[in-house]
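Novice: what follows is a predicted structure for the sequence shown.
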Amino acid sequence: SKEDQHVEQLFVATVRPTDPNNAERGLMMSDDKFEAQGQTLRRMIVFAYGLNMGSGEQVVGGPSWVGSALFDVQAKEDVETVARLKTMSGDDGADVVRAMLRALLAERFRLKVHREMKDIPVYVLTVAKGGMKMAEIVPEVRDPKDPDGAKKHGGSGIQIDGSGELQGINATPAILATVLGRQPEI
């Protein structure tokens with residue numbers, strides 16, 4: 001879309017083949033960056049389009065290396081975009097970063113997509129009889145003059161390491177449900 005093409009210019013990004021000696025794998029998105037380590041183009045497409053991460057059959061076509069060659073992506077947003085993302089809900093901010101990633105994939109890999117409807121199985125996340133065991137966190141006030149404090153307490157989201165383990169930072173139940181919904185293998 002025109003919006004995706006415009007947003008693409010906000011990224012400063014590097015895309016490289018993964019070093020075969022580096023075993024780190026995962027996708028991480030925060031208020032100011034997107035990182036992928038050891039990811040196939042297929043997995044990044046699934047992430048960029050908000051598809052179910054456990055269903056590789058949602059992305060079809062393309063050369064065989066799309067599902068086998070591994071890449072590392074380091075991408076940062078500009079200061080204005082970071083400020084805008086911090087004012088958005090987690091889902092809205094994720095949509096903006098996904099649009100940026102779609103534009104990046106189109107530019108760097110010459111990616112072109114075609115969408116069609118397909119039935120897939122779904123899961124429902126519910127609270128157990130004993131109630132929710134997660135506790136709400138109290139947001140900490142950031143001191144803009146303390147860069148270490150901002151680093152320790154900044155951002156929100158869920159990092160996935162590729163082995164089915166999740167780490168949440170200031171993540172809401174809505175963010176958790178979104179991540180689980182897109183990755184049922186977890």
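Specialist: That came through, no problem.
Novice: tell me the pLDDT of A36.
Specialist: Looking at A36, its pLDDT reads 90.
Novice: residues contacting it?
Specialist: Contacts for A36 (CB atoms under 8 Å, 6 or more residues apart in numbering) come out as G26, L27, M28, R43, M44, F47, F71, D72, V73. For glycine as for every other residue, the C-beta is placed from the backbone atoms N, C-alpha and C.
Novice: report the buried members of those.
Specialist: Those of the contacts of A36 that meet the buried threshold are G26, L27, M28, R43, M44, F47, F71, D72, V73, by 16 or more other CB atoms under 10 Å.
Novice: related to what we said a few turns ago, now, the contacts of A36 that are in helices?
Specialist: R43, M44, F47 (DSSP state H).
Novice: am I right that the last one is in contact with V97?
Specialist: No - when contacts are counted by CB atoms under 8 Å, F47 is not listed as touching V97 (9.7 Å).
Novice: re earlier: just the contacts of A36 now: which is nearest R16?
Specialist: Closest approach between the contacts of A36 and R16, by CB to CB: D72, at 5.2 Å.
Novice: am I right that Q159 sits in a helix?
Specialist: No - counting by DSSP: H, G, I helix; E, B strand; the rest coil, Q159 falls outside a helix, being strand.
Novice: in space, what's closest to the residue nearest the centre of the chain - neighbours in sequence excluded?
Specialist: Note on the chain: the residue nearest the mean C-alpha position is M29, at 4.7 Å, using CA atoms, centre = their mean. With CB to CB, 6 or more residues apart in numbering as the measure, V97 is the residue that lies nearest to M29, at 5.2 Å, once sequence neighbours are left out.
Novice: where does the one you found fall, secondary structure wise?
Specialist: Per DSSP states H and E, V97 falls inside helix 90-109.
Novice: counting neighbours, which bits of that helix end up buried?
Specialist: Under the neighbour-count criterion of 16+ other CB under 10 Å, helix 90-109 has 90, 93-94, 96-106 buried.
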